[in-house]
Structures are given as structure tokens and as C-alpha cells.
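Asks: what's the 3D shape of this:
(chains A, B, C and D, ligands or ions: 6)
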Amino acid sequence: MVDLKVEIAPGVILKNPVLTASGTFGYGREYAPYFDIAKLGAIVTKGLSLQPKTGNPGVRITETACGMLNSIGLENIGVEKFLADELPILRKLDATVIVNIFGNNQSDYAALAAKLDGVTGIAALEINISCPNVKAGGIQFGTDPQAAAKLIAAVRKKTSLPLITKLSPNVSDIVAIAKAVEEAGSDSLSLINTLLGMAIDLDRKRPILGNVTGGLSGPAIKPVALRMVYQVAQAVSIPIIGIGGITSARDALEFLLAGASAIEIGTANFINPQTAIEIVEGIENYLKGQKCAKITDFIGKLEKV
Amino acid sequence: MVDLKVEIAPGVILKNPVLTASGTFGYGREYAPYFDIAKLGAIVTKGLSLQPKTGNPGVRITETACGMLNSIGLENIGVEKFLADELPILRKLDATVIVNIFGNNQSDYAALAAKLDGVTGIAALEINISCPNVKAGGIQFGTDPQAAAKLIAAVRKKTSLPLITKLSPNVSDIVAIAKAVEEAGSDSLSLINTLLGMAIDLDRKRPILGNVTGGLSGPAIKPVALRMVYQVAQAVSIPIIGIGGITSARDALEFLLAGASAIEIGTANFINPQTAIEIVEGIENYLKGQKCAKITDFIGKLEKV
Amino acid sequence: MYLFNSEVVSNQKLSQNIYRLRLKAAKDFCRAAAPGKFVMLGTVDGLLDPLLRRPFGICRWGSDWFEVVIKVVGKGSCQLSNLAKGVLVAVHGPLGNGYPNAELESEQKSLFLVAGGMGIASIASQLFFALDRKQSLVGTFLLYGAANISELILLDELTAASSSGLQIQTITDDGSSSRQGFVTQLLIHELQTRPQSRVFACGPEPMLKSVQKILQETGCDGYLSLENRMACGFGVCLGCVQTVLSETSETGMETAKVCTRGPVFPAQQVVF
Amino acid sequence: MYLFNSEVVSNQKLSQNIYRLRLKAAKDFCRAAAPGKFVMLGTVDGLLDPLLRRPFGICRWGSDWFEVVIKVVGKGSCQLSNLAKGVLVAVHGPLGNGYPNAELESEQKSLFLVAGGMGIASIASQLFFALDRKQSLVGTFLLYGAANISELILLDELTAASSSGLQIQTITDDGSSSRQGFVTQLLIHELQTRPQSRVFACGPEPMLKSVQKILQETGCDGYLSLENRMACGFGVCLGCVQTVLSETSETGMETAKVCTRGPVFPAQQVVF
Ligand SMILES: Cc1cc2nc3c(=O)[nH]c(=O)nc-3n(C[C@H](O)[C@H](O)[C@H](O)COP(=O)(O)OP(=O)(O)OC[C@H]3O[C@@H](n4cnc5c(N)ncnc54)[C@H](O)[C@@H]3O)c2cc1C
Ligand SMILES: Cc1cc2nc3c(=O)[nH]c(=O)nc-3n(C[C@H](O)[C@H](O)[C@H](O)COP(=O)(O)OP(=O)(O)OC[C@H]3O[C@@H](n4cnc5c(N)ncnc54)[C@H](O)[C@@H]3O)c2cc1C
Ligand SMILES: Cc1cc2nc3c(=O)[nH]c(=O)nc-3n(C[C@H](O)[C@H](O)[C@H](O)COP(=O)(O)O)c2cc1C
Ligand SMILES: Cc1cc2nc3c(=O)[nH]c(=O)nc-3n(C[C@H](O)[C@H](O)[C@H](O)COP(=O)(O)O)c2cc1C
Ligand code: FES
Ligand code: FES
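Replies: Ligands and ions are numbered 1, 2, ... in the order given. Take a look at the predicted model:
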């Protein structure tokens, strides 16, 4: 038996390092027919806002080379309905739940944090300061270290829940933002969100996505994600959750080597609903093969070239 | 017959919009056995520095999902040897030549520009302010609008050759940089260079590339490139050359729709040495099919969603 | 829903770019299949291009097999259409709600099945369902339009159903079959004499819009099967949503996931 | 160099994960082939994963075909190893310099061909070349090492060459063939009694390093065929470079493109 337990924020110990990325795992219960979601490290909910959001009109997804673009536009049922209808189901399913939140401005974020503070059955909050799909949304916080720090400090004041700040890759210097939010009180970091991209329908001479641009996810972005996780891991001392293009246990293990304490699986959940649980098993088998008894002995153990 | 002529900088009219990207076409003559390189819009040379450079040690390339990482490290024969040995061959082959240059600091760039000023057989200079593979290299200019503008202004003073500034995608706001270099006197923009990425050899627990990180190119980055070209095209009035993941005429045409006056083909040249010329033919055939007599009637004609 | 790797039993070319793939399936899967439901199909080669699985209607099935009819329009459909006997395919399904199929037999009204292009795959699933169970198709009309005669597929099998009472009319955009025009013209014409009919339609969006309008004008009720782009097929990506009328929402409208609440919607609900 | 799409004539499994693909080729291509040269192979399915073509040694060829021997180590080799008869493969080649092959016959010295693992594909190309031209192989020794007995491939064909005078010794890491150990042990042993020999070697880098050292110590000359990672195979990406000694450079060293100046280098030139 390999000890797969990881600490993704002070005091937040998960049974294994495999999480599911916000927006790719519904509210969790949609996957219950496919496997026991309690067996995952945690599930991260679709991003929640104070009010329900209907998202963007028109075509919302399109495949690109080894990736996909989405412009869902953060459609969600709103925090109230989540607490009333979804969280109880997740608790019954015994899932470890991380709630992903976003707002249009600082006070939205603060209000969400306050509302979720003290709610039983929430292991941590993931603060999305990085969604590229809403105009007046998270993105401005995600590209400016000072704005990001101010936001996290404000959220920090409103909740005693552990805070995971989710970073945008669409920046010149992700390390600067990572350090800024660490200093502002984030307990943990998750990265990366999607890269801003675009696809064109040549024959119709127009953008494919209703929203023109969208977020690029999937294997295509894995090299960028791995680089950012590695860079940030060198620079901060809080735990990091790696995200981006993970489709296999080997991908996941690469992120752990690069310094991530855990990983989130996004797009791959769409392809095969059992991806996440297969990755849990794959990680365990690999470490067994390596005679590694504790996953924490593996994390960050990338050697020099 | 479709008129494929495009103007990529004031007065620089190319026979068609298909160029080859720096670092992926050698010094040009390597492709002569495969097709008549005079038939391309232009060829862009491997990046040249004042002194020859041996590049990075260790593994320099690795494939990623629909892309590749390279950390060649700007290995090149130096500007002197280029002028003595390579340019004469290119002239004999009747190729339209754009010289790509980079330096460690502003005076390197200025010296290169001065050296190339007035040399017969050079159609324009492409200024690489964006290579992620050298520590003390172009990259700092590529991420800071002011530094970029200062650099371009300095180069501008040293040459009457048309200047194409090649932008990095590893930035929070590519439009800001584009506008800054436009203002500083750049005649044209080319984008994008590679995204900074990383790959890990799981079993050996170490980075694959000798240089740890490298530049991501190929189809994987096309959505990001297309988005940036589109954004920049809305914001500047100088011509734009689109680069990133183009492997087919359809890809190329998408960039033209998004507002690029021409395109460069990079990684795809490695896969099939005849890619560039096949794309010239493919563009012509497509436009013929569309009954479009002049390619300039097609460029930038992306409709609203 | 089941997730399994399934062997290609046969791959038959139906027209220049349309193929019928028969795949093995467990009994449980076949029991869960129903007209209008679909599967997400992918390859098992471990390669990442194409990345996502692709949705295809379950066109016909037996006790341990099912068939999909695939038109080659891009890389995913191309790859699947090339698979040879014995190769494995990753299958996820049956997904979606399917048609309210009880109505095929139990109604007095005439039933119009309207197919445009590859919409036939979905529409035919109802007919094969009835045929394979020896149900009467008296009062059932198939109105089927395609771009040209070579894209009118499955007609041999469906014509065989005429003995069950099915009446078939075809039409092509280019007139390469007997009639030229759009399938909706046939529908308008037929509904004039049978105003109390019920309509099930599947095809490209412009056709469905037009069917919806015809239904509104004639007061007939019906169902539309949508084919919005899908990334997941099981309700988690929110990529496939369609605006629909809603009695509970303040705006009178809401978004519905086509993959789980659909792909078949009451025609009057859909807001195009 | 030629660029063409070539049909798979046959695909033979040589061991659990090694396959021999025979491909059609034009006469010109076959005339340009030579021992130690290689091809870049890709698929023609239009899909972008794998993206780059993969290098494989031209192991044997006739007037209108050539063969490669492919060990499955990742997605590219896996995909190629799965191709069935009749499928098209994109070919670019022959590429590289190849071995200085005149020396096989004209020298008085003994010739040692040293192969480690898949290095046999390159080494065997010299032997097949000689065999197919009925050249004598008296004085030629094949020293061939692999991880285990099942990875010792092509031995039937090569043993047939014994009548031409070839002498073969094999060795495996795990001792599953007669001898256990590394192929370099065989080389050390043989060079003790034949100090004036010439050596051609192909195999993994640690083996080549070791061969280089043995050559230095014994004063024998030889050539090493390198297998650096390649993106293009024809000298334009600078991905495959190897540091080599240089008389003209100030530092005494320079980088050489393995794909065009190699893959075969005089052993003493290579700076590992
Ligand atoms: C519920 C459902 C059932 C379906 N049943 C069938 C069926 O039985 N037989 C069949 O041949 N097809 C069916 N389709 C359509 C089929 O899924 C698409 O043709 C296929 O996914 C295209 O994949 P591709 O990789 O070949 O094309 P891509 O390369 O992804 O795209 C090629 C072209 O098709 C367009 N396209 C892609 N997906 C869609 C879509 N969902 N709707 C409209 N345009 C699209 C793209 O814009 C592009 O122009 C169904 C779709 C849905 C949602
Ligand atoms: C000139 C030349 C001739 C060759 N001839 C043959 C031959 O005749 N038969 C044969 O089976 N193989 C040969 N090879 C090696 C072959 O090209 C690689 O095994 C193949 O490219 C791997 O591709 P892949 O997609 O299967 O593996 P990938 O998925 O790309 O990689 C799988 C594993 O192989 C490693 N790898 C990939 N490429 C190389 C490389 N060039 N060198 C070392 N490790 C590598 C990777 O690090 C990884 O661990 C030759 C290589 C060269 C350069
Ligand atoms: C359809 C879709 C919806 C997403 N919605 C959210 C969201 O609501 N909040 C968020 O923080 N990230 C969202 N993301 C980003 C993912 O959580 C993840 O960061 C990204 O997809 C990269 O991981 P991947 O490559 O494994 O998919 C979404 C991604 C996709 C593909
Ligand atoms: C191996 C390699 C070497 C490159 N060298 C240079 C260079 O010297 N100068 C430069 O400006 N860009 C260089 N580039 C970047 C390309 O010119 C191009 O911007 C990038 O590869 C994106 O295009 P692509 O996706 O079509 O390859 C290099 C790219 C590759 C793959
Ligand atoms: S296709 Fe993903 S929610 Fe419908
Ligand atoms: S493989 Fe590209 S230069 Fe050798």
C-alpha cells in the first residue's frame, strides 16, 4: 500500500492528490453513476457566483489540435441553489468538496466567501481570479499582482476556510502573482486556468465561438502548465495544485515531480468519465512499481538535468 | 489567376503571403532540393547574432501533444558568416530574404541593424524581441512595452530597412506591446513566437530539455496565436504577419481572415519540407474556389458572429 | 449509461462519404437503447487527435450489437468511418432522452417523421425499432430530404418497411431524386390534408426552425431532435446548451443541456 | 532525398514489440539508399498526433522496396508498427551520410560490427548490403547485444550469412541467450587478439561511449552511428546536434548536425 495522502493547504489533508477541475465535473453528482466520487482527493465544483448565471450565447465549445476552446461564460446555478440542492447530495455521496467561486468585483468575492464560511462539508474555497470568459469577470485580478493580492486579502478576512487561489496563465510573470497572493494570505495555489484562444470557421468567415474568444484547455496546454507549476514551485512555500492537460497517471506524476502537491483533471473528464479514478489507481500502481511508500517522498523530486 | 500579392510593410510587396518562420527554415538553401524557394513570399532566416552562437547543450527538442518544445538556444553562424556564405546563395536562388536578428542588449540589436543596413538582397529585418531560450536574450524586451519601444526606436535609427517586430505570446497584454512598438517606428509586426513550456521525463525524474524549459510551437498553439493576431489587428494600423501552428492552407487562411497580411510557417516545415509551397498553392486554389480575385479582398474579412 | 470498448463487427459504405458501423455491445447496453438516444464514440489508440469523443445516434440495435451511421465531415467522423472489422472503439452510452416512442403506435393521428440529411440516422432509429418489433406503421409517413440522391441512405431497408404501412417520400436539394426542394415543402403539403398530425424531426438547424414554424402555423405538435456540438455528452461541460422556454424562470427562458434533457425536445419549447 | 507516400507491402512481427515493415519505393530512392542511411516516417491520416515524423534506419532494400525495423517505445513507433498491408506511409529519405561502406571489402583488417539493441537495424544494413550483393564477409564479425533473447532479432537472416564468412556472437543483459553481459565485453575480448581492427558501432549512448573508450585504449579506428532525437532529419531544426572535435574552431569543438553530417561519425570525433 502506497500512502497517497497529501496536504493541499495547512490542515487540509486529502486521501490522494487527484482532484477534478472546476467546470469539468459538473456539481459532482453527474459522475456518481460512473464511479464512487468519494474515492477522489476532492472534487472542485463548477464556479459559483452570488446570482445564477446563464453563460454565453451561441457556440460554446470547439475542438482544436489536442485541445478545446470553451466559452461557457461561467454558467452556474448560483451559490444559494448550490447550498440548497447540490451540497447535500455531495455530502451524502461522501465527496470531499472544494467550492470554486468568482465574482464581478471584490465585494462579490467577499460576499461569497462570507456566505460559505462555516458551512459544513466544504473543505476549501478555490478563488478563480482567472476566468477569461467573462468581460467584467475574474481576469483583471488574475493579471495584476496588486489587484490579485488585494482581492485575496479581502476574501481572507471573510472566511476561515482554507483559500486556494487559481491563477491565470495569460500573464507575463506568473511567479509575481503567485508570490503576491501567497503574501496576501492564500493558503494554496492552483494553476493553470485556460489560455485565451480563438478559432475561426473559415468557410463561414466568422469566429466559431459565440463569444469570439474562449479558454484553451487539454493536452495542448500541458507544457505551459508544467512550466508554470515548476516556476511557481521554486518561488513559493505554500502548496500548489497543478492543472492543465492531464489525461493519464503519467501526466499527473509529472506535475507532482515538478512540485505540485496535488493535481486537478479537467478536459479529460469529458472524454472518459472514469479518467479521474483511473488516474488515482495509475498513480498508486506507478509508485508501487517505484517502491515509493509515501507520495510525499515523490512530490517535487525532479532532479537536475 | 488570383492576385496573391500582399504588402507586409510599407513598400515591401511580396508575391504571396507565405513566409517561413525563423529557425525552421535553416538559412533557406536547405530547402532548395525540395522546391523553388523563390516561389515563396519570403523566407525568414534563422535568428542571427553579432557573434556565432553554439546554442544550448543537451536534448534540444521534444514532442508534446500536437506541438514540440525546442531549446535550441539560438544557435547560429553569426551575421558575418551569413553575409559572406549564405546570403549570396539565397540571392542566386532568387529568394526574397528577411533577416531575423536578436541580441543580448540594445546595442547588439543596433549594431546588427547597422551592419545589415544597405545590404543588397535583404527585403526587411525581423527583430526577435521574444525568444524564450536565452537567459540574457530577447525576452525582457518582449514582455515590457517600454523596453520594447526603446529597443525598436534604437534599431530604427540604425537602418532604413523595413522593420518587422516579432512579438512574444508570453505576456499579459500583447496589444500594449504591439502598440508600443508601432509607435516606436516598427513598420510591421509578426506574431507569435513560441510559448514558454516544459516537459518532464517521468522515469528519469528530470526535465527532458537540457535547458529545462523551451519554446512550444506547432498546432497546439494555433488558438492562442489566432487570438493574439485578431486582437492586435483590431488595435494597430501596421501590417501583421501571423505565426503559430499553421500546417495547412486552411490554417493560413484563418490567420488572413483574422487580420494578418501574411503568415509564417514554422514547425510544419520540419514535418514535410514542401509544406510552404503546398500552402501557397492551397491558398490560391481556395480563393479561386471562392471567386476571390485579389487576396487583399480576403484579408481581415472576418465577419461578426 | 455504459462505458466499454467495443469491437467493430462490420463497416459498410452507404454512399461516397457515409458509412454504417456495426459494433458489439453487451445485452444491458442494448436493453437501455431507445430510438433517438445516442452514443459518444472515440478510438482506443491512445493518440490525442481527435481529442474529444463524437456523438452519433444509435440507429438500430439487436440483442448484442448496435449500429451507427456516420457521415464524414471532419477528422473525428473520418477516423471512425475508416475503422476496420475487429478494431476496438470506445463507447459511452446510451445517452440522451430519446423520442417519446410510445406514440408511434398508440395515436390515432398521423405521424410524420421528417429527416434532413444525417437526421435520417435518428429518425430511422424509430422506424427500425418498430420494424424489428413488427409493429404496424400504418399512418406513419417518412419525409426525407438530402442534398442529392447519393446522400439518401438506408432507403432499401426503409422501403422494405412499406409492407408495415410506412409511406415514404424523398426530396433532394438538387433534384437528383424524383423531387427537388426541401423536405419542409413536403411537410407543408402533407399537413394541409392531415392537420391533426404529430411530427418528429431531425436535421440541420435551419430545417428544424422551419419545421417549428410550420408546426406553429398548423397547430400540430411535434418533437425536434437537436445536434448541438457536444464535448461530453453527459451533462457536465455545459457546451451543448439550447435556450428553451421555461415556466419557472423569470425571463420565461432557460438553458437546457441538449445531451441530457434532449436531444429530443417538444418543438414549441425550443428558442432558436 | 525523396518525399513520397509509400504503401506497406508487409508488416512482420519479429518479437513482442519489434516489427519489420516493408515499404514500396521508387527505383531512384532505392539507388540512393546506402547502409547507415535513414528515413523519416509519418502517417498520411491528416491527424496531428503524433506530429513529427520519426527516424528509422533503412535496414535492407531491393530495387523497388525497402525495410525498416521498428521497436515500439512510444506513440510514433507504436502507430507505425500497427500499420497494415496496403496502408500509406509518408516517407522522406534516404537521409544522412551512412557508413563508409567501401571498407567492408577492401581492407585487410578485421571488421567488427557492434550492435546494441535496435542498433542492429543500422548495423544489419551493412550486412544485408554485402549479402544482397554476394560480397564476401570473411574477416567480418557481428557482435550483437540486447536486453534479452527475444530482442535479438534478424538472427535467422544474418546467420544465413555465415556461409559468406560472417562470424556472429551474441550476448544479452539477462543471460537469456548463451552469454550474459554487455556487447562491449565481447569487443574488448576480440580486440585483444585482433588489435588492428576496424569497428562500426550503433546502439544506445552508454554503449557508444564505452566503444569509443575501447577504441581509444586499443588504438583501433572506428565509426559510431548516433541516434539523437530529431525533429526534421534534414538539417534545418538544429535539434539533433552533437558536439564533435573540430580542427577549425577556436575551442577545438563544434556542433554537428547528426542528421546531415551523421548519423555516422568517426568514433574519435564525438564528444559525449
Ligand atoms: C446527439 C447527436 C447525434 C448525432 N448523430 C449523428 C449521426 O447519427 N450520424 C452522423 O453522421 N452525425 C451525427 N451527429 C453529428 C456528428 O456528431 C458530427 O458530425 C461529428 O461530431 C463531427 O465530428 P468531426 O470530427 O468529423 O468534425 P469536426 O472536424 O469536429 O467538424 C467538421 C465540421 O462539422 C461541424 N460540426 C462539428 N460538430 C458539429 C455538430 N455537433 N453540429 C453541427 N456541426 C458540427 C464543424 O463546425 C465543422 O464545420 C450527431 C450529433 C449529435 C449532437
Ligand atoms: C538516425 C536514427 C535512426 C534510427 N533507427 C531506428 C531503427 O531502425 N529502429 C528503431 O526502432 N528505432 C530507430 N531509431 C529510434 C527511433 O527514431 C525512436 O525510437 C522513435 O523516434 C521514437 O518515437 P516514439 O514516438 O515511438 O517515441 P516517443 O513517444 O517520442 O518517445 C518514447 C521514448 O523514447 C525516447 N526517445 C524518443 N526519441 C528518441 C531518440 N531519437 N533517441 C533516444 N530516445 C528517444 C523518449 O525519451 C521516450 O522515453 C532511430 C533514431 C535515429 C535518430
Ligand atoms: C468547459 C470548461 C469549463 C470551465 N469552467 C471553469 C470554471 O467555472 N471555473 C474555473 O476556475 N475554471 C474553469 N475551467 C478551467 C478548468 O478548471 C481548468 O483549469 C482548465 O480546463 C485546464 O485544465 P485541463 O487542461 O485539464 O482541462 C473550465 C474548463 C472547461 C474546459
Ligand atoms: C526549432 C525552432 C527554432 C526557432 N528559432 C527561432 C529563431 O531563431 N528566431 C525566432 O524569432 N524564432 C524562432 N523560432 C520560432 C518560430 O519562428 C515561430 O515563431 C514558432 O515556431 C511558432 O510557429 P509554428 O507553430 O508554426 O512553429 C523557432 C522555432 C522552432 C520550432
Ligand atoms: S455535451 Fe457536455 S453538457 Fe451536454
Ligand atoms: S534533425 Fe533537424 S537538424 Fe538534424
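Asks: relative to the whole chain's centre, how far out is stretch C:46-62?
Replies: Taking Cα atoms, centre = their mean, to the nearest Å, one finds stretch C:46-62 lying 15 Å from the centre of the chain it belongs to.
Asks: now do stretch A:209-220
Replies: The answer for stretch A:209-220 is 16 Å, by Cα atoms, centre = their mean.
Asks: okay, buried residues for it please.
Replies: Under the neighbour-count criterion of 16 or more other Cβ atoms under 10 Å in any protein chain shown, stretch A:209-220 has A:209, A:211-220 buried. Glycine gets a C-beta too; all of them are placed from N, C-alpha and C.
Asks: cool, and stretch C:178-189?
Replies: Those buried within stretch C:178-189 under the rule 16+ other Cβ under 10 Å are C:182-187.
Asks: which among these gets closest to chain A?
Replies: The shortest separation between chain A and any of the buried residues of stretch C:178-189 is 20.2 Å, and it belongs to C:F182 (by Cβ to the nearest Cβ).
Asks: ok, now which ones touch the closest one?
Replies: In this structure, C:F182 makes contact with C:116, C:145, C:171, C:173, C:207, C:210, judged by Cβ atoms under 8 Å, 6 or more residues apart in numbering or on different chains.
Asks: tell me which entries of those residues lie within strands.
Replies: Assigned to strands by DSSP state E, the following of those qualify: C:116, C:145, C:171.
Asks: which ones among the residues you listed also lie next to chain A?
Replies: Filtering the ones in strands among the contacts of C:F182 for neighbours of chain A using Cβ under 8 Å from any Cβ of the partner chain leaves an empty set.
Asks: ok, back up a step: and the contacts of C:F182 as CSV, adding pLDDT, distance to C:L41 and neighbour count?
Replies: Formatted as CSV, the contacts of C:F182 follow (pLDDT from 0 to 100; distance: Cβ to Cβ, whole Å; neighbours: other Cβ atoms under 10 Å in any protein chain shown):
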residue, pLDDT, distance to C:L41, neighbour count
C:G116, 96, 22, 27
C:G145, 95, 26, 28
C:I171, 94, 30, 21
C:D173, 93, 28, 17
C:M207, 96, 24, 22
C:S210, 96, 30, 21
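Asks: the closest residue to ligand 4 within the stretch 201-305 of chain A: what secondary structure?
Replies: Across the stretch 201-305 of chain A, no residue is closer to ligand 4 than A:A220, which sits at 11.6 Å (Cβ to the nearest ligand atom). Look at A:A220: counting by DSSP: H, G, I helix; E, B strand; the rest coil, its state is helix.
Asks: identify the residues contacting it.
Replies: The neighbourhood of A:A220, defined by Cβ under 8 Å, 6+ apart, consists of A:64-67, A:245, B:65-67, B:219-221, B:223.
Asks: likewise for C:A124?
Replies: By Cβ under 8 Å, 6+ apart, the neighbours of C:A124 are C:59-60, C:69, C:115, C:154, C:157-158.
Asks: looking at the buried residues of stretch C:178-189, which is nearest D:P195?
Replies: Distances from D:P195 to those, taken as Cβ to Cβ, are shortest for C:V183 (87.4 Å).
Asks: where does the stretch 101-250 of chain C get nearest to ligand 6, residue-wise?
Replies: The stretch 101-250 of chain C approaches ligand 6 most closely through C:A231 (36.2 Å), counting by Cβ to the nearest ligand atom.
Asks: that residue reaches A:T64, doesn't it?
Replies: No. In this structure, C:A231 sits apart from A:T64 without contact. The criterion is Cβ atoms under 8 Å, and the distance is 11.9 Å.
Asks: overlap in contacts, the two.
Replies: Overlap between the neighbourhoods of C:A231 and A:T64 is empty, taking contacts as Cβ under 8 Å, 6+ apart.
Asks: could you dump the buried residues of stretch C:178-189 into TSV and include secondary structure and pLDDT?
Replies: Output for these, formatted as TSV (DSSP: H, G, I helix; E, B strand; the rest coil; pLDDT from 0 to 100):
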residue	secondary structure	pLDDT
C:F182	coil	94
C:V183	helix	94
C:T184	helix	94
C:Q185	helix	93
C:L186	helix	93
C:L187	helix	94
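Asks: can you pick out the most distant pair from the residues you listed?
Replies: The span of those, defined through Cβ to Cβ, is set by C:F182 and C:L187 at 9.1 Å.
Asks: centroid residue for chain C?
Replies: In chain C, the C-alpha closest to the average C-alpha coordinate belongs to C:S122, at a distance of 1.6 Å (Cα atoms, centre = their mean).
Asks: assign a three-state SS to that one, would you?
Replies: Here C:S122 is helix, with the state taken from three-state DSSP.
Asks: that one: what's it in contact with?
Replies: By Cβ under 8 Å, 6+ apart, the contact list for C:S122 reads C:35-36, C:38, C:57, C:59, C:115, C:202, C:225, C:263.
Asks: try it again at 6 Å.
Replies: Taking Cβ atoms under 6 Å, 6 or more residues apart in numbering or on different chains as the definition of contact, the neighbours of C:S122 are C:36, C:57, C:202, C:225.
Asks: need the contact list for the closest residue to ligand 3 within the stretch 101-250 of chain C.
Replies: Ranking the residues of the stretch 101-250 of chain C by distance to ligand 3 (Cβ to the nearest ligand atom) places C:C237 first, at 4.7 Å. By Cβ under 6 Å, 6+ apart, C:C237 lies in contact with A:270, C:231.
Asks: at 7 Å what do you get?
Replies: Contacts here follow Cβ atoms under 7 Å, 6 or more residues apart in numbering or on different chains; on that basis C:C237 touches A:24, A:61, A:270, C:231.
Asks: in JSON lines: those residues, plus neighbour count and distance to A:A123.
Replies: As requested, the contacts of C:C237 are arranged in JSON lines below (neighbours: other Cβ atoms under 10 Å in any protein chain shown; distance: Cβ to Cβ, whole Å):
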{"residue": "A:T24", "neighbour count": "25", "distance to A:A123": "18"}
{"residue": "A:I61", "neighbour count": "24", "distance to A:A123": "29"}
{"residue": "A:F270", "neighbour count": "27", "distance to A:A123": "24"}
{"residue": "C:A231", "neighbour count": "27", "distance to A:A123": "27"}
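Asks: filter these down to the ones in strands?
Replies: Secondary structure from DSSP E places A:I61 of those in strands.
Asks: can you name the residue of the stretch 151-272 of chain C nearest to chain A?
Replies: Counting by Cβ to the nearest Cβ, the stretch 151-272 of chain C gets nearest chain A through C:G239, at 3.5 Å.
Asks: quick check: which element contains A:I263?
Replies: The secondary structure element spanning A:I263 is strand A:262-265 (assigned by DSSP states H and E).
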